[in-house]
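build me a model:
(chains A, B, C and D)
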There are 2 protein chains.
Amino acid sequence: MAFQPGSTHQVTLGKNPERSRDHNRRVVLDVVRRHGSLGRMHIARLTHLTAQAIANIVDELVGENLLMETGRLRSGRGQPPIQFAVNPDGAMTMGIEMASDHMVSTVLDLSGQPRSKRIMPVRDTSPQQVIAHIRAELETVRAAFKSPLLGIGVVMPGPFEIEGMTSVGPTTLPGWANIDAANLLTEACGEPVTVENDANAAAVGERLFGAGHSISSFGMIYFGAGLGLGMVHDGAPFRGAFGNAGEIGHVVVAPRGRACPCGQHGCLERYASVHALRELLCDAAVPDCDFADLARLHAERHPVLLEWLDEAATYLAPMIAMIENILDPETVILGGMLPDAIIDELIARMGQLPISVASRSRRALPRVLRGQTGQYTAALGAAALPLFEVVTPKLETAATRPVE
Amino acid sequence: MAFQPGSTHQVTLGKNPERSRDHNRRVVLDVVRRHGSLGRMHIARLTHLTAQAIANIVDELVGENLLMETGRLRSGRGQPPIQFAVNPDGAMTMGIEMASDHMVSTVLDLSGQPRSKRIMPVRDTSPQQVIAHIRAELETVRAAFKSPLLGIGVVMPGPFEIEGMTSVGPTTLPGWANIDAANLLTEACGEPVTVENDANAAAVGERLFGAGHSISSFGMIYFGAGLGLGMVHDGAPFRGAFGNAGEIGHVVVAPRGRACPCGQHGCLERYASVHALRELLCDAAVPDCDFADLARLHAERHPVLLEWLDEAATYLAPMIAMIENILDPETVILGGMLPDAIIDELIARMGQLPISVASRSRRALPRVLRGQTGQYTAALGAAALPLFEVVTPKLETAATRPVE
DNA sequence: TAATTCAAGTAAATTATCTTATTGACAAAA
DNA sequence: TTTTGTCAATAAGATAATTTACTTGAATTA
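Numbers count the residues shown, from 1 in each chain, chains lettered A, B, ... in the order given. Purely as a prediction, here's the structure:
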């Protein structure tokens, strides 16, 4: 799926009965998942299919353990409908976050509950070694859980294949240039592997299980290895033509500002990123801060952290207005590897955001929200990717080239 | 279609045989349109449907005059396939561009050829008067052409419903705030009406008939009433949650720069727009330049125009890099109400664009292209909108609210 | 308490659409 | 001329939806 060259002609596939059924199964799963639990008639009304068609599909899904009964709902007149919900034990997905020196592994059940979280140090991040690590983890997970595996989501640092940006700084893996990671890993693991950048994975995670649950279009600013923008549009992640959409870390926000490994000066990432914060703290003789340290420093109102907050808010606010003007999302979610309290204060410090198309007075949502935060956020988002692939209805396409 | 509140839950519709057929018809029309002409077998391979299914659909479409035979292709062995192409006379669409003092009307045939272009002065742009004008135009067009009408595309100035941005400057129509224009006009005309901003309409026009013909994801910077960004992503226009995506005209690019009617200072639109150019020329005692005047001034290398070119290029280049970083399009197309030569020189003057995710060395396309230009560009794009609605396969959705 | 009403579930026949043979037509290559 | 590869058209089969009629269950009403 990943890295489709946008330049080949993509032709939408025609529907035959089999593909219709697949589509309808996805639609039913999606609508049930989003509503928690539903009766058959209700599903029929929502999907504009007949009750009979829904009955058949629900039976099939129950037979595959993807849906389960949750009792009858007593409401109003008529026969109380049998409610169905997604069966958490019906399937699981695995999420892997690859970083330059470690690897995070998570397992999610169908309802989005984490079943396992693990961080492992990794020395060699060459393709061979990464494959070996993932396969080992896959065996461990298979042994520990009996649910069938839907797929594996992998988060790797981007951007991909950009001169002057690749192989730069701490955010890229050596040996992965010009490699179709998704295909390679799918072959090697024998399971469908989806590869994304951390911000988009986090955004999909928010969409399925977090603040974006009922929001179909939002931007997600993600504090990970660098600073990324994930986007969900009409319920689907927005990847751009080459999978590099949302690469806002290296936008110049301060001309003649701090030097950046990418060769430019004053990149946003030099100010508003965890890496920049750690550097500042290091310079102030507070080296090697982990997640808990940051929370503590914030509680203590450490001046360096407050200074970083101020600077980050200053540069982030116009970027958020810019994102709003270009994408017109329902809201912008901030999340990532920072404690809740720090994100909250960052949002508070942005205060009066610049005018943008989002400056409506009767907004349903605030312009900026906090999303999931923590060390596992990206890996949990990664695990949400296969779920999204399997559960969400979409237009299937095929490239022209092979046939023409 | 337009102005769906993004916050209501959109549920994807299930597919039944009827909706499958509709989908497949769109897929066939789309693939034939994009390839010019194709044989049945070729279509079958591209769409992953069987020859028989395609034969039925093609027969149906020929019966409705949407496709037509274009003779047999003599190629290689075997029975030479009968080629089919979109029948230009099979249907037509109407495009309307509403401005504060005039209205542009265009008619396009199914192949995208303009059949009629007209500019009319308009004094009153209240909803009632606009409806009256469009209905009158509709009757004229119906009388002049016999092809069935697919729909009407209307371009109106945006952004919509934004405080501090609406009812500002020369770019908005009074009396249209808080009105669902698409629904209102659809009711009043008895034909499906699609409403878009000028940039997106132009982008759809490029996608169907222009530079974007074989590009499925691109950004389009449009010089219209203001400066707009249109986007086509995976072949579909990107509207954002509230239809205001791409509103880049009022992004501040020069802090403490020229004052803007929107209340800010240094908005991009104050430098890189036709309006700004006309103001500069007016100050230099060259008032009331029309399209031809601009072409002439450019040929004469008028210093004011050259100065504008320089300034516009300076402010536009970083914006293009920003757009690339956020959206990762295949290319960015520049078009609108400026002569080709001026757009070409503008592109040339941007020269070395800032580094972005688009800075790949082996690009299939240049980072910036020129699109359609001229006085009718927006209205032609508007006429492309209904065509897009009818011809392009898509995921149909319905809002949850009415049922739940 | 019993009849009525509304809504949900079930199971058949029916319909629409795609798929799978099978056969014939046509033209280039052997 | 025969063979071969491709397109076209016909008929029969398969899939998944709809339609229609009936059953089940609970709340309302007389």
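
residues contacting A:Ile152?
Taking C-beta atoms under 8 Å, 6 or more residues apart in numbering or on different chains as the criterion, A:Ile152 is in contact with A:93-96, A:134, A:138, A:185, A:189, A:191-194, A:386. For the C-beta atoms, the positions are set from N, CA and C on the backbone; glycine is no exception.

among the residues you listed, name the ones in strands.
Judged by DSSP state E, the subset of the contacts of A:Ile152 located in strands is A:Thr93, A:Met94, A:Gly95, A:Ile96, A:Val193, A:Thr194.

could I get these as CSV with neighbour count?
Converted to CSV, the ones in strands among the contacts of A:Ile152 look like this (neighbours: other C-beta atoms under 10 Å in any protein chain shown):
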residue, neighbour count
A:Thr93, 30
A:Met94, 30
A:Gly95, 31
A:Ile96, 25
A:Val193, 25
A:Thr194, 27
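
before we move on, back to that, out of the contacts of A:Ile152, which is nearest to B:His48?
A:Pro192 (19.3 Å; C-beta to C-beta).

so what does the closest residue in space to A:Gly336 that isn't next to it in sequence look like in phi/psi?
When the adjacent residues along the chain are set aside, A:Gly336 lies closest to A:Phe223, with 3.1 Å between them (C-beta to C-beta, 6 or more residues apart in numbering or on different chains). With angles defined as degrees, to the nearest 10, A:Phe223 sits at phi -90, psi 100.

verify the stated contact: A:Phe223 with A:Gly335.
Yes. At 7.3 Å, A:Phe223 counts as touching A:Gly335 under the criterion of C-beta atoms under 8 Å.

how about the contacts made by the residue lying closest to A:Gly151 once chain neighbours are set aside?
In this structure, A:Gly151 finds its nearest non-sequential neighbour in A:Pro386, 2.9 Å apart by C-beta to C-beta, 6+ apart. Residues counted as contacts of A:Pro386 (C-beta under 8 Å, 6+ apart) are A:Thr93, A:Met94, A:Leu150, A:Gly151, A:Ile152, A:Gly153, A:Pro192, A:Thr194.

do A:Arg256 as well
Contacts of A:Arg256 by C-beta under 8 Å, 6+ apart are A:His265, A:Gly266.

same thing with A:Asn200?
A:Met220, A:Gly228, A:Gly230, A:Met231, A:Pro237, A:Phe238, A:Arg239, A:Ala245, A:Gly246, A:Gly381.

what residue ranges in the stretch 51-200 of chain A score low on pLDDT?
Applying pLDDT under 70 to the stretch 51-200 of chain A flags residues A:75-76, A:158-172.

interface residues of it facing DNA strand C?
By C-beta under 7 Å from any atom of the strand, the part of the stretch 51-200 of chain A that sits against DNA strand C consists of A:Ala51, A:Gln52, A:Ala55, A:Gly76, A:Arg77, A:Gly78, A:Gln79, A:Pro80, A:Pro81, A:Ile82.

surely the last one meets A:Glu69?
What that stands for is A:Ile82. Yes. Using C-beta under 8 Å, A:Ile82 makes contact with A:Glu69 at a distance of 5.7 Å.

neighbour count: those two, which is higher?
Legend: neighbour count by other C-beta atoms under 10 Å in any protein chain shown for A:Ile82 and A:Glu69, higher for A:Ile82 (16 against 13).

for that one, what are its contacts?
Per C-beta under 8 Å, 6+ apart, neighbours of A:Ile82: A:Gly39, A:Arg40, A:Glu69, A:Gly71, A:Arg72.

quick one, phi/psi of the first one?
It refers to A:Gly39. According to degrees, to the nearest 10, A:Gly39 has phi -90, psi 160.

repeat for the last one
Reported as degrees, to the nearest 10, the phi and psi values for A:Arg72 are phi -90, psi 150.

any idea how far the residue nearest to it when sequence neighbours are not counted is from chain B?
Take A:Arg72 and drop its neighbours on the chain: the residue closest to it by C-beta to C-beta, 6+ apart is A:Pro80, 4.1 Å away. Distance of A:Pro80 to chain B, computed by C-beta to the nearest C-beta, to the nearest Å: 18 Å.

equivalent analysis for A:Leu73, please.
Distance from A:Leu73 to chain B, by C-beta to the nearest C-beta: 14 Å.

please apply the same query to A:Leu365.
Counting by C-beta to the nearest C-beta - A:Leu365 and chain B are separated by 7 Å.

now swap in A:Ala236 and tell me
9 Å.

and that residue, what's its pLDDT?
On pLDDT, A:Ala236 comes in at 89.

ok, A:Ser7 next?
Reported pLDDT for A:Ser7: 37.

on that earlier part again, if you look at the residues of the stretch 51-200 of chain A next to DNA strand C, which of them are in helices?
Counting by DSSP state H, those place A:Ala51, A:Gln52, A:Ala55 in helices.

in the stretch 151-300 of chain A, which residue sits closest to chain B?
Nearest residue of the stretch 151-300 of chain A to chain B (C-beta to the nearest C-beta) works out as A:Gly240 at 2.6 Å.

just confirm that residue contacts B:Asp328, I think it does.
Yes. Between A:Gly240 and B:Asp328 there is a contact under C-beta under 8 Å: 2.6 Å.

so for the two, which residues contact both of them?
Common neighbours of A:Gly240 and B:Asp328 (C-beta under 8 Å, 6+ apart) are A:Gly246, B:Ser217, B:Val357.

residue numbers of chain A in contact with DNA strand D?
A:17-18, A:20-21, A:24, A:48-53, A:56-57, A:72, A:74, A:76-80.

are any of those buried, and which?
Neighbour counting over the residues of chain A next to DNA strand D (16 or more other C-beta atoms under 10 Å in any protein chain shown) leaves A:Ser20, A:Arg21, A:Asn24, A:His48, A:Leu49, A:Ala53, A:Ile57 as the buried ones.

identify the farthest-apart pair in those residues.
A:Arg21 and A:His48 (15.8 Å).

and A:Cys267, its phi and psi?
phi -60, psi 150.

count of residues packed around it?
29.

one more: A:Glu187?
Counted with other C-beta under 10 Å, A:Glu187 comes out at 11.

packing partners of the helix or strand in which it is found?
Element membership for A:Glu187 (DSSP states H and E) is helix A:181-189. For helix A:181-189, the packing partners by 3 or more C-beta pairs under 8 Å, 6 or more residues apart in numbering or on different chains; DSSP states H and E come out as helix A:127-144, strand A:149-155, strand A:193-196.

for the ones you listed, give me JSON lines that also has distance to A:Val304.
Below are the helices and strands packed on helix A:181-189 laid out as JSON lines (distance: least, C-beta to C-beta, whole Å):
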{"stretch": "helix A:127-144", "distance to A:Val304": "35"}
{"stretch": "strand A:149-155", "distance to A:Val304": "29"}
{"stretch": "strand A:193-196", "distance to A:Val304": "33"}
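
thanks a lot, catch you later.
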